[in-house]
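> what would the 3D arrangement of this be:
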Amino acid sequence: MIYTITFNPSIDYVIKVENFKPGAVNRVVSEQKYPGGKGINVSRVLNNFEVKNKALGFIGGFTGQFIKDSLQSEGIYTDFIEVSEDTRINVKLNSNEETEINGAGPTIKEEDLNKLFEKIEALTSDDYLVLAGNVQKSLPVNIYSLIQEKCASKKVKVVVDTTGEALTSTLKYNPLLIKPNNHELSEIFNVEITNREEIIHYAQRLREMGAQNVIISMAGEGALLICNEGVYHASAPKGTVKNSVGAGDSLIAGFLAKYSQTSNIVEAFQWGAASGSATAFSMDLCEKEYVEELITQVNITKL
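The predicted structure is shown next:
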């Protein structure tokens, strides 16, 4: 089973306003509400691939119930822990320019966190666990590494998608996959990276620090996979970018959907790259049929 954890889910309230004017009454032209959060995005894309998975995390109040109901209506298994404060709402305003207003999220108490630990301790070597996104200030800064420590003895296959120290602190537990982009890679090592060779060099350092596989996403320039078999480049298919939200989460989901079935790291990389692009070219998260359409445009080259 593949499990995802979203510590700070959200309702993503996306509204479109013509010629937004601050300080005035503005009329909404269109609106959508989506269950949001990086782990939830991974769960939704896996579900689009008909891959069984379960979404874990913390929800609260009527907003949390909306997220739970939305996911279950799509056929996604959930096992959320309910907290006393409401799940946050993130507002994404599309007008002459894009504006985002993100909520802070609820406080997670120690007893809530212990409930999550109990669920994690039940996982086995047959399971995958996706740790994705930022976490609330009420949680320990090393929460990802604490979870990985619990997973290590069970040989749970862990995927980590976060940044900075939260990422590097997990490497000693040998995550199956990490996925920083080229800008996050620069921030990790506090350097300016200007070319592909430097990206590969610093990605190799992440492997030396413990990551089994590293994927570096580079937007329109495709992606790089650094693994035991070598270094591979995936070309980016052609298309019009409509949505930047969830492309990285879709890459992870596409990768896991294929890897969990075949254990072929390079093939999984190709499907991940196609999934990330399919979401970028869609208004919502990618559908399986569109990924299958784009897969032939993703050329894998061993460097």
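
> in the stretch 51-200 of the chain, which spans are strands?
Per DSSP state E, counting those that start in this stretch, the stretch 51-200 of the chain carries strands over the ranges 53-59, 77-78, 81-82, 88-94, 98-101, 128-132, 157-161, 177-178.

> pass me the low-pLDDT residue ranges in this structure, would you?
Scanning the chain with the threshold set as pLDDT under 70 gives no residue ranges.

> any figure for the gap between the one residue sitting closest to the centre of it and residue 190?
Per CA atoms, centre = their mean, the C-alpha nearest to the average position across the chain is that of residue 249, at 3.3 Å. According to CB to CB, to the nearest Å, residue 249 stands 26 Å off from residue 190. For every residue, glycine as well, the C-beta is placed using N, CA and C.

> neighbours of residue 231, just the number please.
The tally of other residues near residue 231 (other CB atoms under 10 Å) stands at 17.

> give me the neighbour count for the closest residue to it other than its chain neighbours.
Leaving out its chain neighbours, the residue that sits closest to residue 231 by CB to CB, 6 or more residues apart in numbering is residue 303, at 4.5 Å. Using other CB under 10 Å, residue 303 has 12 neighbouring residues.

> pretty sure residue 303 contacts residue 227?
No. Using CB atoms under 8 Å, residue 303 is not in contact with residue 227, being 11.9 Å away.

> related to what we said a few turns ago, the residue nearest to the centre of the chain sits in which helix or strand?
Taking DSSP states H and E as the definition, residue 249 sits inside helix 247-262.

> and that helix, how far from the chain's centre?
Centroid separation between helix 247-262 and its chain, computed with CA atoms, centre = their mean, to the nearest Å, is 10 Å.

> tell me the buried residues in whatever helix or strand comes next after that helix?
Tracing the chain past helix 247-262, the next element assigned as helix or strand by DSSP H and E is helix 265-280. With burial defined by 16 or more other CB atoms under 10 Å, the residues of helix 265-280 counted as buried are 265, 267-280.

> what's the distance between residue 246 and residue 81?
According to CB to CB, residue 246 and residue 81 sit 23 Å apart.

> of these two, who's got more company?
Between residue 246 and residue 81, residue 246 has the larger neighbour count (other CB under 10 Å), namely 26 against 19.

> so the more buried one makes contact with residue 43?
No. With contact defined as CB under 8 Å, residue 246 and residue 43 do not form a contacting pair (11.5 Å).

> neighbours around residue 170, how many?
Residue neighbour count, defined by other CB under 10 Å, stands at 26 for residue 170.

> got a list of what it touches?
Residues in contact with residue 170, defined by CB atoms under 8 Å, 6 or more residues apart in numbering, are 131, 144-145, 148, 158, 160, 178.

> same thing but at 7 Å, please
Neighbouring residues of residue 170 by CB atoms under 7 Å, 6 or more residues apart in numbering: 144-145, 148, 160.

> of those, grab the buried ones for PyMOL.
Selecting in PyMOL just the buried members of those, where the criterion is 16+ other CB under 10 Å, is done with this command:
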select buried, resi 144+145+148+160
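
> any idea how far residue 62 lies from residue 147?
Here the criterion is CB to CB. By it, residue 62 lies 28 Å from residue 147.

> again, but for residue 7
When distance is defined by CB to CB, residue 7 is 10 Å away from residue 147.

> what about residue 297, how many residues close to it?
Burial of residue 297 is recorded as 14 neighbouring residues (other CB under 10 Å).

> likewise for residue 219?
So residue 219, with other CB under 10 Å, has 16 neighbours.

> and what of residue 100?
Residue 100 has 12 neighbouring residues, counting by other CB under 10 Å.

> beta partners of it?
On the basis of DSSP bridges, residue 100 is bridged to residue 92.

> surely it and residue 92 touch.
Yes. Between residue 100 and residue 92 there is a contact under CB atoms under 7 Å: 5.3 Å.
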